[in-house]
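>>> My questions concern the predicted model and sequence given below.
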2 protein chains.
Amino acid sequence: MKAYKKLVEKYERIHHLSHMQSIVYWDQQSMMPSGSSDARAKAMAEFGVIIHEASVDKEIALLLNDAMGENLNAIQKASLREMQKTYTSNTILPSDLVKAQSLAHSKCNHTWIEQRANNNWKGFEPRLNEVIKLSKEEARIRSEINGLSAYDSLLDLFEPGMKSQTLDGIFADVKTWLPELIQNIVEKQKSQTFIKPQGIFKIKAQKELGVKVMKHLGFDFNKGRIDISAHPFCGGVPEDVRLTTRYDENDFVQSLMGTIHETGHALYEQNLPQDLLALPVGQARSMGIHESQSLFFEMQMGRSGEFLKSIHPYIIESFGNDEALALDNLVKIYSKVEPSLIRVDADEVTYASHVILRYEIEKALINGQIQTSDIPDMWNDKMQEALGLNTKDNYKNACMQDVHWSEGLFGYFPSYTLGAMYAAQQFNTVKKVHPNINDSIANGDLSQIKSWLKENIWSNASIYSTDELMSKATGESLNPKYFKEHLENRYLFN
Amino acid sequence: MKAYKKLVEKYERIHHLSHMQSIVYWDQQSMMPSGSSDARAKAMAEFGVIIHEASVDKEIALLLNDAMGENLNAIQKASLREMQKTYTSNTILPSDLVKAQSLAHSKCNHTWIEQRANNNWKGFEPRLNEVIKLSKEEARIRSEINGLSAYDSLLDLFEPGMKSQTLDGIFADVKTWLPELIQNIVEKQKSQTFIKPQGIFKIKAQKELGVKVMKHLGFDFNKGRIDISAHPFCGGVPEDVRLTTRYDENDFVQSLMGTIHETGHALYEQNLPQDLLALPVGQARSMGIHESQSLFFEMQMGRSGEFLKSIHPYIIESFGNDEALALDNLVKIYSKVEPSLIRVDADEVTYASHVILRYEIEKALINGQIQTSDIPDMWNDKMQEALGLNTKDNYKNACMQDVHWSEGLFGYFPSYTLGAMYAAQQFNTVKKVHPNINDSIANGDLSQIKSWLKENIWSNASIYSTDELMSKATGESLNPKYFKEHLENRYLFN
Ligand SMILES: [Zn+2]
Ligand SMILES: [Zn+2]
């Protein structure tokens, strides 16, 4: 076990360095004044090289080889497997490329914040183009080693084992039933009226409500915080989770559900096995599984009448007793389906359309079938086709709405819809194990849900493959039928 | 110039790494939840080693040697001198000691925050003892190389060129006139009554007032922020200055002046020469000179009737027009002299007593004449002697009031009183150059002051030695008589 123990030390060191990087990244997004962005970009790039160097340390290769012959238990074997995968993935890229990417991402991110506000695609395009160029170079290098297509070699970074061939199949299936389902739901909801809550909903009150709900969900404020950023995320480290959200004084409903979503991510992080936190095997299984936790809380549970009933008193406490804030009215608001431009504000039914559109564009970009300059028109065409919406000259609410591509996150978007599918399948199992789960939720008792998730998802970290994890937890591999059933049950047969 | 240019690259890299460290340190003090302190301490310790390794890089020694023979201009020569001094100072310590110190400081700092609140010396003492042990080890190693006494070898880190022999002389002189001066001022002020402003002064209003005053002083909010921490400091990096302060809803006067103080530090940082920021020569000259800038703004200018007149409208705007907030009443409050326990709340007359007490204790600790356990009694004895105050069993407001020793900052305290002396001498020169300066201040015109400081102090960074800097700026070396004159003029002859 000598080599394995040395590997653990190496990864503990990397974990400490990542801690620094995560906190500084959080600061960049939520605290940093804009005039400091150039100095910060340089510091982050320099530090990116240091972390890269630590993770491509040649001694790790030798130790991985030696550890293969050691007598390891099952978890240590899984740990070694994840170290091997991480190391191989990290060593493929030359450090010059990593440094160039880190700098390009920081600069593009900053430009995105500025130019999105100005709806200025032309001011943003050159920075994005630089990021895409570097991501294509990354994909080319990865493909040469792992034999995957350019796009699949990036997809594998976020959803290990997933291929675009499989995704093409799943998404083709979704496309056969989703447009009709959306149409039917929109038709059905025409007769359902609700009252739109009228602000002002003070940010202070929204913050306090968010904190109450996060506590109800079990977020540990002794090891985490919530702040504001342009694009909400769950950052920091498992020992110090930094959530961010954004508030709109005219509308609290989106922000509240956004906070519940990010809390789902945070609970996964805060409940990863403490003794494995520093190791690759101790990290979240995949982006899709991560998203399944946020969507478990936001979609499967959060928008249900039962859950809304349990947090309704907090809402009244914060904003007073108003007919627009009546429980049945809020349930209608939170299950409203309506084609719209912004992914993060989309309901869970139309959401998949947003993801499929991005998947198709980014796959074509990385595989070299289209250029950066093609994005706005292609976006408009696909948006027309999927949801009947025009985005011409509206960059801000179309191809400039997401931060992901600015940060070189190509292959990430499919995780959102995979997450929705994993979550539906997980919730379906919880309902089988605990037939009265909806009553518990309504009564504010989340202990059964959290025990199930802790035992079946959180505490397993990356010990199993995604397929093994889902099979052990739910009795079968990913089966998108639970997602379709969930949408039909909630929105059509309710 | 090949070697010098390579050195510049090396120090730019270190500058970028220090950027990460400074932001994470700021986060630790102002943002981090307490449950995350262990993980953070480990991360900071690991990173401390990386910065240490970068700054003791053996290639630097070779390059410094080569650069000595290169054709450099005056600033490059000064730059090389500062690189040499920094490098020598950094290479003295083994990286194990640096790592142990970083961890001990983080842990002691966290314990200090917790146990100070509990007035628990016994809970704090073992952590402080560990820090002192490591600082003595540091002093021992430094002494062996530079031939200074143990304490002087630490003092030199903060106030290069200063010796305890000189300080003993200066402080002995101060002790001959300060007690009588305090007594005379206290006697004189007995007949001066003022009205204590009665809260609540809402934190939000105090924050807004602070920001207005910072803007008046010229703080660049595009490259900096102000937040809250237990012990106010000026952190971050010159490109992103992070001030912190603390608020008390019952009293805004201390916090406001604290903000002005920290803004003085911040202006120095924000106005260092942009092209030298990454280099040792581009950094603030010494802690004493740094403090001279904060005290220039807080004491020489900030508490003057003229300055208070200029910001009086902001105060009224924030808290309403109340007789306790009348200008002449505020002037009395801000020039009140009264022996008290807390250094950071002390007036500028009794402040020197606080510093001399700490100087004497820390010198004895580092030189091995007393033990950690002797601190509380020694504190009480000296406080009785200097200001007639008893601190028995009152650790919180005595030897546990400052964060400095928790962070291993031995040799730092003298800088405060040196800073007060430098500031008095600088202001005396400004008055000679601009005889109507007090009218300008009263009219809210700080342009002459800021031009003088920018030209004579800020833009010179560490190009000259402290003595050269003061001589060029004021026409003579440090002369404590200006400090004594200032105190007498403001408090006795006014
Ligand atoms: Zn998410
Ligand atoms: Zn200061």
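Sure thing, it's come through. Ligands and ions are numbered 1, 2, ... in the order given.

>>> Only C-alpha atoms, please: export stretch A:347-362 in PDB.
C-alpha atoms of stretch A:347-362 as PDB (Å, rounded to 0.1, in the frame of the first residue of the first chain):
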ATOM      1  CA  ASP A 347     -40.100  25.200 -17.000                       C
ATOM      2  CA  GLU A 348     -39.000  21.600 -16.800                       C
ATOM      3  CA  VAL A 349     -41.100  20.600 -19.900                       C
ATOM      4  CA  THR A 350     -39.600  23.000 -22.400                       C
ATOM      5  CA  TYR A 351     -36.200  22.800 -20.800                       C
ATOM      6  CA  ALA A 352     -35.100  19.800 -22.800                       C
ATOM      7  CA  SER A 353     -35.700  21.800 -26.000                       C
ATOM      8  CA  HIS A 354     -33.100  24.400 -24.800                       C
ATOM      9  CA  VAL A 355     -30.600  21.600 -24.100                       C
ATOM     10  CA  ILE A 356     -31.100  19.800 -27.400                       C
ATOM     11  CA  LEU A 357     -30.600  23.100 -29.300                       C
ATOM     12  CA  ARG A 358     -27.300  23.800 -27.500                       C
ATOM     13  CA  TYR A 359     -26.200  20.200 -27.800                       C
ATOM     14  CA  GLU A 360     -26.700  20.300 -31.600                       C
ATOM     15  CA  ILE A 361     -24.900  23.600 -32.000                       C
ATOM     16  CA  GLU A 362     -21.900  22.800 -29.800                       C
END
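
>>> any idea of the mean pLDDT for that stretch?
Averaged across stretch A:347-362, pLDDT comes to 97.

>>> contact partners of that stretch?
With contact meaning Cβ atoms under 8 Å, 6 or more residues apart in numbering or on different chains, stretch A:347-362 is reached by A:151, A:167, A:171, A:174-175, A:178, A:181-182, A:185, A:295, A:299, A:303, A:335-340, A:343, A:346, A:370, A:375, A:378-379, A:382-383, A:386-387, A:402, A:405, A:410-411, A:413-414, A:416-417, A:420, A:487, A:491. To be clear about C-beta, it is placed using only N, CA and C from the backbone, and glycine gets the same treatment.

>>> For those residues, which ChimeraX command selects only the ones that are buried?
In ChimeraX syntax, the buried subset of the contacts of stretch A:347-362 is picked out as below (16 or more other Cβ atoms under 10 Å in any protein chain shown):
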select /A:151,167,171,174,178,181,182,185,295,299,303,335,336,337,339,343,346,370,375,378,379,382,383,386,387,402,405,410,411,413,414,416,417,420,487,491
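
>>> List the residues that contact A:Phe158.
Here A:Phe158 is in contact with A:286-288, A:409, A:411-412, A:414-415 (Cβ under 8 Å, 6+ apart).

>>> Report the buried residues of stretch A:234-254.
Neighbour-count burial for stretch A:234-254 [16+ other Cβ under 10 Å]: A:234-245, A:247, A:251-254.

>>> got the buried residues for the helix or strand containing A:Val131?
Taking DSSP states H and E as the definition, A:Val131 sits inside helix A:121-146. Residues of helix A:121-146 classed as buried under the neighbour-count rule (16+ other Cβ under 10 Å) are A:121, A:124-125, A:127-132, A:134-136, A:138-139, A:141-143.

>>> got it, and stretch A:7-16?
So for stretch A:7-16, counting by 16+ other Cβ under 10 Å, buried means A:7-8, A:10-11, A:13-16.

>>> Validate this expectation: A:Gly199 resides in a strand.
No: checked against DSSP: H, G, I helix; E, B strand; the rest coil, A:Gly199 lies outside a strand; its state is coil.

>>> Test my guess that it contacts A:Tyr247.
No: the pair A:Gly199 / A:Tyr247 is not scored as a contact, 10.7 Å apart, by Cβ atoms under 8 Å.

>>> ok, A:Gln274 - how many residues close by?
Each residue near A:Gln274 was counted by other Cβ atoms under 10 Å in any protein chain shown, and the total is 11.

>>> Which single residue of the stretch 301-450 of chain A approaches chain B most closely?
A:Glu407 (18.3 Å; Cβ to the nearest Cβ).

>>> which non-adjacent residue is nearest that residue?
Of all residues not flanking A:Glu407 in the chain, A:His105 sits nearest, at 4.8 Å (Cβ to Cβ, 6 or more residues apart in numbering or on different chains).

>>> That neighbour: neighbouring residues, count only.
25.

>>> tell me which element it is part of?
Short version: A:His105 belongs to helix A:95-117, going by DSSP H and E.

>>> what helices or strands is that helix leaning on?
Where contact means 3 or more Cβ pairs under 8 Å, 6 or more residues apart in numbering or on different chains; DSSP states H and E, helix A:95-117 is packed against helix A:37-55, helix A:121-146.

>>> Rebuild the buried residues of stretch A:7-16 as JSON lines, extending it with distance to chain B and secondary structure.
Shown next, in JSON lines, are the buried residues of stretch A:7-16 (distance: Cβ to the nearest Cβ, whole Å; DSSP: H, G, I helix; E, B strand; the rest coil):
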{"residue": "A:Leu7", "distance to chain B": "16", "secondary structure": "helix"}
{"residue": "A:Val8", "distance to chain B": "14", "secondary structure": "helix"}
{"residue": "A:Lys10", "distance to chain B": "12", "secondary structure": "helix"}
{"residue": "A:Tyr11", "distance to chain B": "12", "secondary structure": "helix"}
{"residue": "A:Arg13", "distance to chain B": "6", "secondary structure": "helix"}
{"residue": "A:Ile14", "distance to chain B": "9", "secondary structure": "helix"}
{"residue": "A:His15", "distance to chain B": "8", "secondary structure": "helix"}
{"residue": "A:His16", "distance to chain B": "4", "secondary structure": "helix"}
